[in-house]
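Undergrad: build me a model:
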Amino acid sequence: MDFLEPGQTCWRIDQANRVAFLVDVQDYFAAVRAVLQSARRSIHLIGWGFDPRTRLQPDGFERPHDPDELGEMLIALADARPELDVRLLIWKSALPIAASQEFFPHKARAWFKNTRVKFRLDDAVPLGACHHQKVLVIDDQIAFCSGGDFGTDRWDTVAHLDDDARRIDPSLDYHPPRHEVTMMVDGSAARAMGDLIRRRWLRATGETIDPPAGDDGADVWPDFVAPALTDAPVGVARTEPAWRDRPLVEEWKALTLRSISLAERTLYMENQYFTSPIIAEALARKLADPAGPEIVLISTEHSPSYFDKMTMDRARSIAVRRLRESDVFGRLRMLSPHTAHGKPIIVHAKVTIVDDKLVRIGSANLNNRSGGLDTEIELAIEAQTQAHSAAINTLRNRLVGHYFGRSAADVATGIERQGGLIGAIDRLNTRGRLTEIETLKLGRLAKFVAAYHLGDPAGVGDAWNLAKRRALLDAGVRAIAQAPTSKSITNGR
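TA: Prediction:
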């Protein structure tokens, strides 16, 4: 394999009999609801955030204890099936962050008190870091790896309607349209994700969980979820900070830089944040290559929170300017999606697709902290057959097309006629649903925030040292710029 290398760009590679790509939360939550109802041995979840009031199939009317409310579902399943082991391990978020989520997940402790559901908050990370992995595993048979958590402001459809009565939270407020992508796998790939959760549980609680015993042969894969791929090797790439007696794990960062260096025709990314100067330099180097790929990045017009607008959006402006200055051959689009009536769509997905060779879906952002400070997780599939390559192409085209209300086939036709993905996007974007990301005019304070990446450390060593952070990032950029060939780029150090 060119991209996936255990011990370097991934933790391990395991086989999946079936793989599905769930675009947007309507499909994700529907699949979760079906699989939960089939659970017989274990339901294990790790996440950044969690709200037990999350409805999996909202109908536009909020009532106490709706039957599709996730917290109530888990309690009912645990009561009905005493042999079922239900565990939730959620990051113990800092209070300012919890306040923005109505003090969930902290309040969820009371929700599950005196129930059979084992709910724990995990603070086993360095000060200033967070647990950002989002994984759900059922019976070690089905696993979901997503960019999104279970929250009351997550649900949306691929239509991203301006007004949708189902996008309602418990306070009867409507939340904005939101884009997420999830990978669903079975087989030994699902068991690998179960292993990951058991390791996390041990570190957080000191308690060892045995893998679920026995397999009655029942197939819990929902009939309505069509696999996009079959018989595919799945790589698991992680970020884990160096802390206490544990070494730094930067598989995700290494895989990101290798993905960029090996891209030949098209590099397509969807991501919430884009601030890493090391990743920006690697992309700039590809743009300066006359034979390099087209690069398309889809991200939110601006961050929804004030803190992220002050930090991430400022740093993003510098990265965007760097790439646009490097785009001497016109092979770059950095775009933000909007609804039919112009409302910004929150892009919370974390997706990278390289040509028709590699697809990556997980929790990591294209920022500094995802490469070395927070815990992150990603599933990656490197094509082994023509069917795999076709499925990867179809996913990319489906993602692009859904912003216009067009099919993957429409995008494929546009690529054929226009000679590339950018030409197809320009051709289909007749109503301006995708607009160029604007760079911000930075004042003196904003320049300082962006230059020193406030709120976005690269690792434990620079979490509280701005001068060291700037020096580390500058050294990483130089390593990328001075590498003799693009294929020699591994981790920006």
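
Undergrad: continuing past the longest helix that the chain contains, what's the next helix or strand?
TA: Under DSSP state H, the helix in the chain containing the largest number of residues is helix 187-205. Sequence-wise, the next helix or strand downstream of helix 187-205 (DSSP states H and E) is strand 229-240.

Undergrad: buried set for the longest helix of the chain?
TA: 187-198, 200-201, 204 (16 or more other Cβ atoms under 10 Å). Every C-beta, even on glycine, is put in place using the N, C-alpha and C of the backbone.

Undergrad: just give me the closest of these to E69.
TA: Distances from E69 to the buried residues of helix 187-205, taken as Cβ to Cβ, are shortest for I197 (22.9 Å).

Undergrad: would you mind measuring from that closest one to G71?
TA: In this view, I197 and G71 are 19 Å apart by Cβ to Cβ, to the nearest Å.

Undergrad: now S93: how far from K113?
TA: S93 is 19 Å from K113, by Cβ to Cβ.

Undergrad: neighbour-wise, which of those two wins?
TA: Per other Cβ atoms under 10 Å, whichever of S93 and K113 has more neighbours is S93, with 22 against 9.

Undergrad: can I assume that one sits in a strand?
TA: No. Looking at S93 with DSSP: H, G, I helix; E, B strand; the rest coil, it is coil, so not inside a strand.

Undergrad: now it, what are its backbone angles?
TA: Backbone torsions for S93, taken as degrees, to the nearest 10, come to phi -70, psi 150.

Undergrad: tell me how many other residues crowd the residue lying closest to I279 once chain neighbours are set aside.
TA: Distance criterion Cβ to Cβ, 6 or more residues apart in numbering; nearest residue to I279, sequence neighbours excluded, is L366 at 5.4 Å. Counted with other Cβ under 10 Å, residues neighbouring L366 total 24.

Undergrad: what's opposite L366 in the beta bridge?
TA: Counting by DSSP bridges, L366 is bridged to F274.

Undergrad: mind listing what it touches?
TA: 256, 269, 271, 273-276, 279 (Cβ atoms under 8 Å, 6 or more residues apart in numbering).

Undergrad: how far does the lowest-mean-pLDDT helix or strand in the chain sit from its chain's centre?
TA: None of the helices or strands of the chain scores lower by mean pLDDT, DSSP states H and E than helix 95-100, at a mean of 87. Helix 95-100 has its C-alpha centroid displaced from the chain centroid by 21 Å (Cα atoms, centre = their mean, to the nearest Å).

Undergrad: same deal with stretch 74-90?
TA: Relative to its parent chain, stretch 74-90 has a centroid offset of 26 Å by Cα atoms, centre = their mean.

Undergrad: in that stretch, what's buried?
TA: Within stretch 74-90, the residues scored as buried using 16+ other Cβ under 10 Å are 74-75, 77-78, 84-90.

Undergrad: looking at those, point me to the pair that's furthest apart.
TA: Across the buried residues of stretch 74-90 (Cβ to Cβ), the longest gap, 19.2 Å, separates L84 and I90.

Undergrad: am I right that E376 is in a strand?
TA: Yes. Assigned with three-state DSSP, E376 falls within a strand.

Undergrad: buried sites along stretch 205-221?
TA: By neighbour count on 16+ other Cβ under 10 Å, the buried set for stretch 205-221 is 209, 212, 220-221.

Undergrad: closest one of these to T152?
TA: Using Cβ to Cβ, V220 is the member of these that lies nearest T152, at 26.5 Å.

Undergrad: check which helix or strand A467 maps to.
TA: helix 466-482.

Undergrad: about what we covered before: ok, the residue nearest to I279 to N114 distance?
TA: L366 is 42 Å from N114, by Cβ to Cβ.

Undergrad: again, but for L4
TA: Distance from L4 to N114, by Cβ to Cβ: 45 Å.

Undergrad: so for the two, which sits in the more crowded spot?
TA: Between L4 and N114, counted using other Cβ under 10 Å, L4 has the larger neighbour count: 23 against 6.

Undergrad: count of residues packed around the nearest residue to D169 once chain neighbours are set aside?
TA: Spatially, and ignoring its direct neighbours in sequence, D169 is nearest to T152 (4.2 Å; Cβ to Cβ, 6+ apart). Counted by other Cβ under 10 Å, the residues lying close to T152 total 24.

Undergrad: and T152, what does it touch?
TA: Going by Cβ under 8 Å, 6+ apart, T152 touches 51, 53-55, 169-170, 175.
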